[in-house]
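Enquirer: sequence first, predicted coordinates after that:
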Number of protein chains: 2
Amino acid sequence: MSEKKVPAFGANHAVLQPGSRDSGIQLRSKVWLEVDGKLFMGWGRAQLLERIDELGSISAAARSMKLAYRNAWLWVEAMNRLAPRPLVEKTTGGSRGGHARLTEEGRRIVDAYKRVRSSVREQARGTL
Amino acid sequence: MSEKKVPAFGANHAVLQPGSRDSGIQLRSKVWLEVDGKLFMGWGRAQLLERIDELGSISAAARSMKLAYRNAWLWVEAMNRLAPRPLVEKTTGGSRGGHARLTEEGRRIVDAYKRVRSSVREQARGTL
């Protein structure tokens, strides 16, 4: 047993030191959004939306995240259904398959989610 | 569909209003501690420790939370094993069964966990 793995619990130390690899104790946090008790947006879905915005299609976005297309499609459907207005607009497009784009609404909510997530994580780091 | 259920996404509104029942979108967050990738403390375990401190036995604490004694016992074992020093001291006591008490260490870590959890939740509320 390495002395270094022992968290600094003593009165002369910070109670927890999650920033330090040596503290042994790690602070974890998770932030997500729900609508009617159903998952609306978490980190994975936010990533998917950003990649749709970047790549212009659900399948390309899914591929870039090593996410099954079916899952990506289900996530988009769920988000569009739960949001007041669609976050992703799909166009069933000719020979090259469908394209998709993030709406203004989608962009706004992804930004809001990322902002609150960062701020919560920052806060968690700062507290202990 | 009630107009009131629609989140205020518009440019003239806060992007999300998790504090409001009418916003439709709820911000959720979770904070826990891990040691070596294993759950060390979350809200349920912190509650259990507080009740052990209050009631002086694992079984009374478990009962008060409607938690199976076996689970409570396993949680205590896991926390004691993962912490540098035990959080709960058990005494196998005579005819009235065993008693348990929270150590100084236990009190310190429960307090630290609760503090960071509150501060994270406060932060989350304030951000959106």
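Expert: Noted; the coordinates are in hand. Numbers count the residues shown, from 1 in each chain, chains lettered A, B, ... in the order given.
Enquirer: do the longest helix seen in chain A and chain B meet at all?
Expert: For chain A, the longest helix by residue count, based on DSSP state H, is helix A:104-127. Yes - under the criterion of C-beta under 8 Å from any C-beta of the partner chain, chain B is reached by helix A:104-127 at A:105, A:108-109, A:111-112, A:115-116, A:119-120, A:122-124, A:127. For the C-beta atoms, the positions are set from N, CA and C on the backbone; glycine is no exception.
Enquirer: so how far is residue A:121 from the spatially most central residue of chain A?
Expert: The C-alpha lying nearest the average C-alpha coordinate of chain A belongs to residue A:43 (C-alpha atoms, centre = their mean; 1.0 Å). The gap separating residue A:43 from residue A:121 is 11 Å, by C-beta to C-beta, to the nearest Å.
Enquirer: helices along chain A, start to end?
Expert: A:43-55, A:58-64, A:69-82, A:104-127.
Enquirer: ok, the closest residue to the residue nearest to the centre of chain A other than its chain neighbours - contacts?
Expert: What sits nearest to residue A:43 in space, not counting adjacent residues and going by C-beta to C-beta, 6 or more residues apart in numbering or on different chains, is residue A:117, at 7.1 Å. Residues near residue A:117 by C-beta atoms under 8 Å, 6 or more residues apart in numbering or on different chains: A:31, A:43, A:46.
Enquirer: what of residue A:88?
Expert: Here residue A:88 is in contact with A:49, A:52, A:58, A:76, A:79, A:80, A:100, A:101, A:102, A:103, A:106 (C-beta under 8 Å, 6+ apart).
Enquirer: show the average pLDDT along the longest helix of chain A.
Expert: Average pLDDT, helix A:104-127: 87.
Enquirer: what's the angle from it to helix B:104-127?
Expert: Orientation check (axes from the mean of the first three to the mean of the last three C-alpha atoms, to 10 degrees): helix A:104-127 against helix B:104-127 gives 150 degrees.
Enquirer: got the CA positions of helix A:104-127 in PDB?
Expert: Taking C-alpha atoms only, helix A:104-127 is exported to PDB below (Å, rounded to 0.1, in the frame of the first residue of the first chain):
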ATOM      1  CA  GLU A 104     -31.400  27.700 -34.000                       C
ATOM      2  CA  GLU A 105     -33.300  26.100 -31.100                       C
ATOM      3  CA  GLY A 106     -30.900  23.200 -31.100                       C
ATOM      4  CA  ARG A 107     -27.900  25.400 -31.100                       C
ATOM      5  CA  ARG A 108     -29.300  27.400 -28.200                       C
ATOM      6  CA  ILE A 109     -30.000  24.400 -26.000                       C
ATOM      7  CA  VAL A 110     -26.700  22.700 -26.600                       C
ATOM      8  CA  ASP A 111     -24.900  25.800 -25.700                       C
ATOM      9  CA  ALA A 112     -27.000  26.200 -22.500                       C
ATOM     10  CA  TYR A 113     -26.500  22.600 -21.500                       C
ATOM     11  CA  LYS A 114     -22.700  22.900 -22.000                       C
ATOM     12  CA  ARG A 115     -22.500  26.100 -20.100                       C
ATOM     13  CA  VAL A 116     -24.300  24.700 -17.100                       C
ATOM     14  CA  ARG A 117     -22.300  21.500 -17.200                       C
ATOM     15  CA  SER A 118     -19.000  23.300 -17.200                       C
ATOM     16  CA  SER A 119     -20.000  25.600 -14.500                       C
ATOM     17  CA  VAL A 120     -21.200  22.800 -12.300                       C
ATOM     18  CA  ARG A 121     -18.000  20.800 -12.900                       C
ATOM     19  CA  GLU A 122     -15.900  23.900 -12.100                       C
ATOM     20  CA  GLN A 123     -17.900  24.500  -9.000                       C
ATOM     21  CA  ALA A 124     -17.400  20.900  -7.900                       C
ATOM     22  CA  ARG A 125     -13.600  21.100  -8.400                       C
ATOM     23  CA  GLY A 126     -13.500  24.400  -6.500                       C
ATOM     24  CA  THR A 127     -15.400  23.300  -3.400                       C
END
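Enquirer: perfect, I'm done here.
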